[in-house]
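1. Fold the following.
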Amino acid sequence: MSPLIVAVGLLVSAPPTGDAAAFEQLKAFEGNWKAGEKENARFVSLRVISNSTAVLEMVTGADRTKVLSAAVYYLEGGRLVLAHYGAGGAPKLEAKPGGKLEFEGRGGPVSSVRLTVKGSALLHETVTTTGKTVLELTREYVDTLK
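-> Residues are numbered from 1 along each chain as shown. Just a heads-up that it's a prediction; the model follows:
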């Protein structure tokens, strides 16, 4: 067998690593999530979009009529990045090395975002602005946004 065919076969079958693996993990969170209770509730929708090249996150309040913030996660040159659209503008954050869902920004209102998996149906999200935690949610997966 040709060495080129073997090499191509290994590349095709190799599982993703680093930022690509983190992006695949993020895609697996697609669905509807709820955080908080009653008037403090937040509803989060994660959707894999653009031919599986991006994940769109939209956060709404308890009445679900107004989008409070949106984020787009995608690979750019092999690096996992996050563009966060909120009241303070649209900072771009890059994933920290190591294949985790931890992002750091440079300048702009949002300085970091960290997603931590807790079991099969819980996702903990922390958003920080200039060193101060401004949003900390534990999202529990729900089938619908009822």
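
2. Other residues contacting stretch 76-92?
-> Stretch 76-92 has contacts (Cβ atoms under 8 Å, 6 or more residues apart in numbering) with 18-20, 22-23, 26, 68-75, 93-95, 103, 105, 107-110, 113, 127, 129. C-beta here means a position set from N, CA and C on the backbone, and glycine is covered the same way.

3. Mind checking which of those land in strands?
-> Members of the contacts of stretch 76-92 lying in strands (criterion: DSSP state E): 68-75, 93-95, 103, 105, 113, 127, 129.

4. and which of those residues is nearest to Leu135?
-> Nearest to Leu135, judged by Cβ to Cβ, of the ones in strands among the contacts of stretch 76-92 is Val127 at 4.1 Å.

5. any idea what the residue nearest to that closest one when sequence neighbours are not counted is structurally, helix, strand or coil?
-> Nearest non-adjacent residue to Val127, counting by Cβ to Cβ, 6 or more residues apart in numbering: Leu135, 4.1 Å away. Of the three states, Leu135 takes strand under DSSP: H, G, I helix; E, B strand; the rest coil.
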